[in-house]
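S.K.: pasting a predicted model and its sequence here:
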Amino acid sequence: MKTSIATVSISGSLTDKLEAIAAAGYDGIEIFEQDFIAFDGSPRDVGRMVRDHGLEITLFQPFRDFEGLPEPYRSKAFDRAERKFDLMGELGTDLVLYCSSCHPKALGGIDRAADDFAELGERAGARGMRVGYEALAWGKHVSDHRDAWEIVRRADHPNIGLILDSFHTLGRGIDPETIRRIPGDKIFFIQLADAPKIDMDLLYWSRHFRNMPGEGDLPVKAFMQAVMAAGYDGPISLEIFNDQFRGSSTRQVAQDGYRSLVALMDDVRRAEPALDIDLPRIPARVPSHGVSFIEFATRGDEADKLEALLATLGFAPSGTHRNKAVSLWSQGGVRIVLNKETEGHAATAFNARGTTVCDIGLRVADAQAVVDRAGALGIAPFSQPIGPGEMDIPAIRGLSGSVLHFIDEGTGLEHVWQVEFGQSETPAGAGITGIDHIAQTMSYEDMLSWTLFYTSVFDMRKSAMVDVFDPDGLVRSQVVESPDGALKITLNGADSHRTLAGRFLSETFGASVQHVALATDDIFSTLTDMTARGFEPLPMPQNYYDDLAARFDIAPDLLARMQELNVLYDHDEKGAFFQCYSKAFAGGLFFEILQRDPGYTGFGAPNAPFRIAAQKRQVRGRGMPAR
Ligand SMILES: O=C(O)c1ccc(O)c(O)c1
Ligand SMILES: [Mg+2]
């Protein structure tokens, strides 16, 4: 199966685009007329450039406002068609997309349009060209692929076929199952795009908010299942109009697109195994059973402070690495690794950004399968030299060059703590039972990419994006989690440097984990224990508790305990949620301690503005903690 991407989908000059597209692994490109017109070189030069990159031009597009016109417009449209056939010949492509007319003079009528296409088919045939007809969701008379298909069917010409674009079908809510009725050989080309569900004008939505399959909310898998079931075997091409992508890294967007295509077609094959899909088989998404460890790169004064903080949270040293300046702190099955090495991956991370989470270990069903699947999706494995007596644990690169290690059971990897750290017992601690979630802060424009990373590699789903109001700007929060909730990651996207998240990004030189949320079954006894160990919570103001008393029906003595321990509260239909924050350390990192009823699925988002305001007071009060 050939993969392709429209040049409009990514940023940069035509040369930049071709390099990125070829490097990402695509077979071809759709040339958008605008891109060609803006280019200073002949059509032959463009065709040669494309082929020099090992790519082919799968489609030239768009040709607008062709069908259903009265004279003299009709003849002019045919003249224009001939000129574009000339151009296509020079570019070296034989397929052009005609989108349904938006011309104010277009008359409508299925047979009139079919006659126009029958005549066009004759002219195209004489030139060795083929024409595909696409229903734009906002076309004047044709806005539904079923009508476009009826026109193509009645035109009844071998050089005239249908082009399906998932956006136009799914954006209008047309059932993709209707595609199964169309003969596969009459579908000349497939364009794929996803989009977030937002209620807005179709044209504006299409031209600004499309995204990669899997990044949005449209049923693109069902669409592709129907297309493949129809017997289609041509290129599958991404056509993504997205304002953010037009300003982002050319290579990254091209890579994400390829990743989304491979993951989608793998999903299609798994959903309908009888379909004949000519793509290499890749391992299925691997379930994660949660976080095995979190590793901080840290040193010197910051390391001392982090150790002191961990001790107040009830963690205790429980092992030292056999070869390295790396120690293990643990409590109730939660492992925190402190890496003070001056060489290797952690040292690089520390040198670049100070104390930071440089590595996350995930418990998975099959560690090697994760690395193999990630490889098929274009994500490189990570490896470091292995010292004497050390284990080779499969890993890949994650957020901003940090590392994700995978630990499974059954291959012996789970013994790494005894083998490398000589771990004996797990200290009892303050009642922390696990890691509830990890929060990663990134810039807003990287959020789609990282959401795709997690949902394409792992068996994780995304939930709706939530707006978090920082007093100085908006932060958007997206949760990705495994179906059983064992692994939950919140991705927080900052737009402005003035938000707490934005400030963290600039203080720590890029995206990384900003907080780790520790779970307890009894937050009051845990916090009482932590307080006795010297834990200092983030202080919450009286106004917050007055508001809680007004909003919720909380017993006065419970409210008093919450206030005493600086516990925040939320609930949904299924249960209650309590949370408390540590003060920030090392440039804005912090811990959260929380207790959730099993049914509560949120993260206390309504509390975020008050938490952020309290954190900002702290920063102003004593300045950002020194490095
Ligand atoms: O927005 C448009 O005009 C437009 C043009 C060509 C396409 O293939 C398309 O899907 C949309
Ligand atoms: Mg299209």
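M.R.: Perfect, I can see it now. Please read these numbers as outputs of a predicted model, since none were measured by experiment. Ligands and ions are numbered 1, 2, ... in the order given.
S.K.: residues of the chain that sit close to ligand 2?
M.R.: Residues of the chain lying close to ligand 2 (Cβ under 5 Å from the ion) are D165, Q191, E239. (Glycine included, C-beta is placed from N, CA and C.)
S.K.: CSV please, covering those residues and showing neighbour count and pLDDT.
M.R.: As requested, those are exported to CSV (neighbours: other Cβ atoms under 10 Å; pLDDT from 0 to 100):
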residue, neighbour count, pLDDT
D165, 25, 98
Q191, 25, 98
E239, 28, 98
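S.K.: which parts of the protein sit against ligand 1?
M.R.: Selection of the chain residues close to ligand 1 by Cβ under 6 Å from any ligand atom yields Q61, P62, L97, C99, E134, L136, D165, Q191, S206, R207, E239.
S.K.: roughly how far does the last one sit from R123?
M.R.: Read that as E239. In this view, E239 and R123 are 26 Å apart by Cβ to Cβ, to the nearest Å.
S.K.: before we move on, the earlier item: among the residues of the chain next to ligand 2, which ones are in helices?
M.R.: Using DSSP state H, no member of those sits in helices.
S.K.: and the residue of the chain closest to ligand 1?
M.R.: Nearest residue of the chain to ligand 1: P62, at 3.8 Å (Cβ to the nearest ligand atom).
S.K.: residues touching F590, list them.
M.R.: Going by Cβ atoms under 8 Å, 6 or more residues apart in numbering, F590 touches Q514, H515, L538, Y581, S582, K583, A584, Q615.
S.K.: next: S100.
M.R.: Applying Cβ under 8 Å, 6+ apart, the residues near S100 are E67, Y133, E134, A135, L136, G139, K140, H141, V142, S143, A148.
S.K.: going through those residues, which ones are buried?
M.R.: E67, Y133, E134, A135, L136, G139, K140, H141, V142, S143, A148 (16 or more other Cβ atoms under 10 Å).
S.K.: which one of the residues you listed is nearest to ligand 2?
M.R.: Checking these against ligand 2 by Cβ to the ion gives E134 as the nearest, at 5.3 Å.
S.K.: name the nearest residue to that closest one, ignoring sequence neighbours.
M.R.: The shortest distance from E134 to any non-neighbouring residue, by Cβ to Cβ, 6 or more residues apart in numbering, is to I163 (4.1 Å).
S.K.: helices or strands up against the longest strand along the chain?
M.R.: Among the elements of the chain assigned as strand by DSSP state E, the one spanning the most residues is strand 432-443. The helices and strands touching strand 432-443, judged by 3 or more Cβ pairs under 8 Å, 6 or more residues apart in numbering; DSSP states H and E, are strand 288-297, strand 334-339, strand 488-494, helix 500-507, strand 512-520, strand 590-596.
S.K.: can you put those in JSON lines and add mean pLDDT?
M.R.: Converted to JSON lines, those look like this (pLDDT from 0 to 100):
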{"stretch": "strand 288-297", "mean pLDDT": "96"}
{"stretch": "strand 334-339", "mean pLDDT": "97"}
{"stretch": "strand 488-494", "mean pLDDT": "95"}
{"stretch": "helix 500-507", "mean pLDDT": "88"}
{"stretch": "strand 512-520", "mean pLDDT": "96"}
{"stretch": "strand 590-596", "mean pLDDT": "98"}
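S.K.: redo these as TSV? Include distance to D557.
M.R.: What follows is those, written out as TSV (distance: least, Cβ to Cβ, whole Å):
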stretch	distance to D557
strand 288-297	34
strand 334-339	30
strand 488-494	31
helix 500-507	33
strand 512-520	20
strand 590-596	17
